[in-house]
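Peer 1: Sharing a model prediction with you, sequence too.
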Amino acid sequence: DVKVTQSSRYLVKRTGEKVFLECVQDMDHENMFWYRQDPGLGLRLIYFSYDVKMKEKGDIPEGYSVSREKKERFSLILESASTNQTSMYLCASSRRNEQFFGPGTRLTVL
Amino acid sequence: AQSVTQLDSQVPVFEEAPVELRCNYSSSVSVYLFWYVQYPNQGLQLLLKYLSGSTLVKGINGFEAEFNKSQTSFHLRKPSVHISDTAEYFCAVAGGGGSYIPTFGRGTSLIVHP
């Protein structure tokens, strides 16, 4: 059974902290994605990666960075967390068209 | 460029009634279309997809969708819903402009009442 896992289901951080969200997939997919999901706004793409060490900005990259050192792992980094980054973060992977999602990390920044 | 519009943010319905969730897309080229479902506190999972061929696509849990190229629509239907179908449903389009990256709609919350 294909699987995308995320390091935490729930996370609470303080303003200004550095936050790491980890995502691992076991499907040998080339493409990996980070989205944030907010009520009424749907899914918005933050960053994606189509290969190891490659990354591309999505629609809302400001305040975020990413790292992909290994094919199976894609990390999202909030360099200095702010309250407006409180959200649900979803990781996904794909080979071409269909995306496979992790369970999400609900991040609260106080 | 590609875009997706889900026409209803919320659809309340009684159990065992039929339901239709509407999705319209815009793209200047041939596209791939998807419906995903998100149950509370979970990630998204694929319900069904249209890549080519028959315009009527059947998915999991009794859902189906019809691709209508002339109306640029991909509406999701189920003839009889269950309480367990209560969830958020997302329509997505990919392939426009040669990009494999999907664009998601804002979601429709299906609320099934007993």
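Peer 2: Done, it's in. Just so we're clear, the structure is a prediction, and the values are computed from it rather than from any experiment.
Peer 1: need the residues of chain A near chain B, please.
Peer 2: When proximity is defined as CB under 8 Å from any CB of the partner chain, chain A approaches chain B at A:4, A:9, A:31, A:33, A:40-43, A:45, A:48, A:90, A:92, A:94, A:96-104. The way it works is simple: take the backbone N, C-alpha and C, and place the C-beta from them, glycine included.
Peer 1: For A:E79, list the residues it contacts.
Peer 2: By CB atoms under 8 Å, 6 or more residues apart in numbering or on different chains, the residues touching A:E79 are A:18, A:63-65.
Peer 1: coming back round to it: among the residues of chain A next to chain B, which ones are buried?
Peer 2: For these, burial is judged from neighbour counts taken by 16 or more other CB atoms under 10 Å in any protein chain shown, and it is met by A:4, A:31, A:33, A:42-43, A:45, A:48, A:90, A:92, A:94, A:98-104.
Peer 1: Please report phi then psi for B:H113.
Peer 2: Summarising the backbone geometry of B:H113 under the convention degrees, to the nearest 10, its torsions are phi -100, psi 140.
Peer 1: if you look at the helix or strand of chain B with the lowest mean pLDDT, does any of it touch chain A?
Peer 2: One helix or strand of chain B scores below all others by mean pLDDT, DSSP states H and E: strand B:103-104, with a mean of 90. Yes: judged by CB under 8 Å from any CB, strand B:103-104 comes into contact with chain A at B:F104.
Peer 1: Tell me the strands beside that strand, with direction?
Peer 2: In its sheet, strand B:103-104 lies beside strand B:87-94 (antiparallel), with partners assigned from DSSP bridges.
Peer 1: and A:E22, how many neighbours does it have?
Peer 2: Residue neighbour count, defined by other CB atoms under 10 Å in any protein chain shown, stands at 16 for A:E22.
Peer 1: Name whatever forms a beta bridge with it.
Peer 2: Beta-bridge partners of A:E22, as defined by DSSP bridges: A:S75.
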